[in-house]
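Participant: Sequence and predicted model, in that order:
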Amino acid sequence: MGETRQTWRLPDAAGRCAAHRLVARLPVTLRGLLDNASGATAVEYGLIVACVTLAILGGMTYFAGNENAMYTHISNAIVGATH
């Protein structure tokens with residue numbers, strides 16, 4: 001058939017061994033991710049967005065309940081005025 005090539009030896013577009021280069025850089029990349037403090041900032045922003053979302057949903061729920069009561073009151077007033 002043909003020669004069997006190992007996948008970690010397949011070259012990238014420039015002819016270098018891409019997979020081997022990634023494996024060699026993995027410990028450095030993982031160490032950099034663990035030492036990176038910007039992830040904490042992303043978590044804080046996520047918590048802020050979640051709190052704002054909950055506040056908006058709570059306000060909309062309260063407003064929807066009051067709006068329904070208002071339209072019911074208007075409807076009853078119109079029905080009472082026409083009879």
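Facilitator: Great, that's in hand. Residues are numbered from 1 along each chain as shown.
Participant: For this structure, give me the ranges with low pLDDT.
Facilitator: For the chain, the stretches with pLDDT under 70 are 1-39.
Participant: can you list the domain ranges for it.
Facilitator: Here the domain parsing of the chain from automatic domain parsing is 1-36, 40-83.
Participant: Which strands or helices does the helix or strand hosting Thr61 pack on?
Facilitator: Assessed by DSSP states H and E, Thr61 sits inside helix 38-82. The contact analysis (3 or more CB pairs under 8 Å, 6 or more residues apart in numbering; DSSP states H and E) places helix 38-82 against no helix or strand. For every residue, glycine as well, the C-beta is placed using N, CA and C.
Participant: separation between Ala69 and Thr82?
Facilitator: For Ala69, the distance to Thr82 (CB to CB, to the nearest Å) stands at 21 Å.
Participant: out of the two, which sits in the busier spot?
Facilitator: Comparing Ala69 with Thr82 by other CB atoms under 10 Å, the one with more neighbours is Ala69, at 10 against 6.
Participant: how near is that one to Gly46?
Facilitator: The value you get for Ala69 to Gly46, if CB to CB is used, is 35 Å.
Participant: cool, and Ile74?
Facilitator: From Ile74 to Gly46 the distance is 42 Å (CB to CB).
Participant: now swap in His73 and tell me
Facilitator: 41 Å.
Participant: What of Ile56?
Facilitator: From Ile56 to Gly46 the distance is 16 Å (CB to CB).
Participant: now Ala40
Facilitator: For Ala40, the distance to Gly46 - CB to CB - is 11 Å.
Participant: what about Tyr47, neighbour count?
Facilitator: To be clear, residue 47 is Leu; Tyr isn't right here. 10.
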